[in-house]
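Q: Task: produce atomic coordinates for the following.
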Amino acid sequence: MGRIKFANVSKTFDTRTGAVTALSEVDLEIRDSEFIAIVGASGCGKSTLLNLVAGFEKASTGHILVDGLEVREPGPDRGAVFQQTALFPWLSVAENVAFGLTLNANKTSKDVINEKVDLMLQKVGLEKFRKRYPSELSGGMRQRAAIAAVLMINPEILLMDEPFGALDALTRSIMQDFLLDLWESNRKTVVLVTHDINEAIYLSDRTVVMTAHPGRVHEIVDVRLPRPRSYSIQGSPEFISLRDRVTDTVRKEAAITHA
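A: Numbering: from 1, shown residues only. The predicted structure follows:
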């Protein structure tokens, strides 16, 4: 069943030098509980696509539907995680994770909040760091806290824009496994924007390859690798074949933008 649908979506921005078309006539359907990765050359509109689903931007033409309803604004059914962690520096880890449940839209009793925070901190491995402040955490811990804060409001859809882009290679690999474990346990619909093709193939059910600017859907690659997955699968012939196929396509599109 389709959870997210882009129907002939285009997005144009007005700039000082004239109108710039970021996305052009995008058609894409994302199924319930599916893990989708979006890759493409820089400037192809990947983040714009995510912002449209989140309701942070409005399409210039076309329609974006979530569960059959037009997206007009942000909503609690969609949680967003970015490369720069959206944590309040003056709040502890536990307070950041609890924050969404203190808002009027999600108002919950203190006892219930404390219980949910305890369970979430255990799930993301931060129970020993609950009283620490974001500045006292490693990059991977901050990102886990940011993901936990989003999951606390229990969105049906998780939108992720380069969430591990600022991390070193080893921490990034560990966080990829962390995200896979979370997804296996709750099977939310996930849309991940990434420049890392290995990451896209490793995590996703399907990888969407965008054209060069302006962005369109060039190809959708089915990732028929068995789940649950472990890091060792990245050395398999099947993984390498998929990675090389997607890399070749993205490189050709990138060459277009620099021609």
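Q: Against residue 201, how distant is residue 238?
A: For residue 238, the distance to residue 201 equals 10 Å [Cβ to Cβ, to the nearest Å]. In this view, the C-beta of every residue, glycine as well, is placed from N, C-alpha and C.
Q: Assess the claim that residue 51 and residue 58 are in contact.
A: No - using Cβ atoms under 8 Å, residue 51 is not in contact with residue 58, being 9.6 Å away.
Q: These two: who's more crowded?
A: residue 51 (20 against 12; other Cβ atoms under 10 Å).
Q: Tally up the residues packed near residue 207, please.
A: 27.
Q: List the contacts of it.
A: For residue 207, the contacting residues are 36-39, 197, 200-201, 220-221, 223, 242, 246, by Cβ atoms under 8 Å, 6 or more residues apart in numbering.
Q: now swap in residue 210 and tell me
A: Residue 210 neighbours (Cβ under 8 Å, 6+ apart): 38-41, 44-46, 49, 216-218, 253.
Q: can you tell me how far it sits from residue 225?
A: Distance of residue 210 to residue 225, computed by Cβ to Cβ: 22 Å.
Q: Where does pLDDT dip in the stretch 151-259 of the chain?
A: Where the stretch 151-259 of the chain drops to pLDDT under 70, the residues are 257-259.
Q: next one: the stretch 1-150 of the chain
A: The low-confidence ranges in the stretch 1-150 of the chain, as defined by pLDDT under 70, are 1, 104-107.
Q: which stretches of it form helices?
A: 46-54, 93-98, 110-123, 139-151 (DSSP state H, counting those that start in this stretch).
Q: Okay, angle between the last one and helix 110-123 too, please.
A: With axes from the mean of the first three to the mean of the last three Cα atoms, to 10 degrees as the criterion, the two stretches helix 139-151 and helix 110-123 enclose an angle of 140 degrees.
Q: could you say what helices and strands helix 139-151 packs with?
A: Counting contacts by 3 or more Cβ pairs under 8 Å, 6 or more residues apart in numbering; DSSP states H and E, helix 139-151 is packed against strand 78-82, helix 93-98, helix 110-123, helix 169-186.
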